[in-house]
Structures are given as C-alpha cells and as structure tokens.
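Participant: Test case, fold it:
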Amino acid sequence: EVQLVESGGALVQAGGSLRLSCVGSGFRFADFAIGWFRQAPGREREGITCIGWRDGVGYVPDSVKGRFTISRDNDKNTVYLQMDSLKVEDTGVYYCGARPWFCSQYGVPQSYEYSGQGTQVTVSS
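Facilitator: Numbering: from 1, shown residues only. As a prediction, the model looks like this:
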C-alpha cells in the first residue's frame with residue numbers, strides 16, 4: 001500500500017521557521033519526484049516546490065522563492081521542506097505528493113500520482 005505521511009506542522013509566529021517531513025512507503029521512493037503543495041482557507045491548492053529523482057528542483061513560485069527549501073534523503077524515504085521567514089499568508093494545510101521521475105512543469109497538485117493527508121501550518125502575526 002502506497003503511503004505518504006506528512007509531519008512537522010505547527011503554530012508559529014511570523015518570521016519563524018518550520019521543517020516539514022514527508023515519509024513515503026509502498027513504492028520505489030528513489031524513483032519518484034516528491035513535491036509539496038498547500039491549501040489556504042478559501043483558496044485553491046497551490047504547488048510550492050518539488051524535487052525530482054535526481055535531485056533537480058522544479059518550479060518554485062515567487063510567493064515562497066528564497067524562503068522555502070526542499071531536500072530529500074532516499075535512505076530514509078523522506079523529503080523535507082524547510083520553511084524560513086514564515087508569513088501569515090503561508091498558513092494552510094501542507095501536502096506532499098509523488099509522481100514518477102520528474103517534477104511537473106509548474107508543480108500542479110493534480111499532477112501527483114499519490115498524496116498524503118496533510119499537516120497544518122498556522123502562522124500568527
């Protein structure tokens with residue numbers, strides 16, 4: 001059974017940092033691109049970043065560029081999302097997704113073959 005499990009979400013003050021983790025199982029993790037997307041209240045899901053099977057980083061929107069960093073540890077079947085300089089508008093549920101080999105062009109959430117249940121990130125002012 002394929003599973004993606006996110007963790008690390010929390011309540012944090014604006015300007016703070018969080019590191020989210022996504023652990024995959026039930027598939028050849030190293031052969032998949034893993035990405036993150038989020039959904040804020042009342043808004044559509046937004047692709048944030050993605051890392052391909054050869055560690056290439058996909059599209060990163062301006063809203064998080066320079067603040068969010070993705071990395072992977074295939075030995076642990078884990079992808080990390082380091083989030084720095086958090087803003088109130090970063091509040092939302094953060095999901096990770098998996099698709100074979102390469103990141104999609106714009107990290108569209110619907111492009112992932114598998115996704116997790118999400119972890120809540122709340123940034124207070």
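Participant: separation between the most centrally placed residue in the chain and residue 79?
Facilitator: Closest residue to the average C-alpha location of the chain: residue 36 at 2.2 Å, with CA atoms, centre = their mean. Remark: distance between residue 36 and residue 79 (CB to CB, to the nearest Å) = 8 Å. The C-beta positions use only the backbone N, C-alpha and C, and glycine is treated the same way.
Participant: One more: residue 35?
Facilitator: According to CB to CB, residue 35 and residue 79 sit 8 Å apart.
Participant: Report the contact partners of residue 37.
Facilitator: By CB atoms under 8 Å, 6 or more residues apart in numbering, residue 37 lies in contact with 45-48, 94-95, 97, 107, 109, 112.
Participant: can you check residue 92 too?
Facilitator: For residue 92, the contact set (CB under 8 Å, 6+ apart) comprises 38-41, 43, 120-121.
Participant: so how many other residues sit close to the residue nearest to residue 111 when sequence neighbours are not counted?
Facilitator: Distances taken as CB to CB, 6 or more residues apart in numbering place residue 104 nearest to residue 111, at 3.7 Å, with adjacent residues excluded. When neighbours are counted by other CB atoms under 10 Å, residue 104 registers 18.
Participant: So which residues of this structure form strands?
Facilitator: Using DSSP state E, the strands of the chain run over 3-7, 11-13, 18-25, 32-39, 46-51, 68-73, 78-83, 92-100, 114-115, 119-124.
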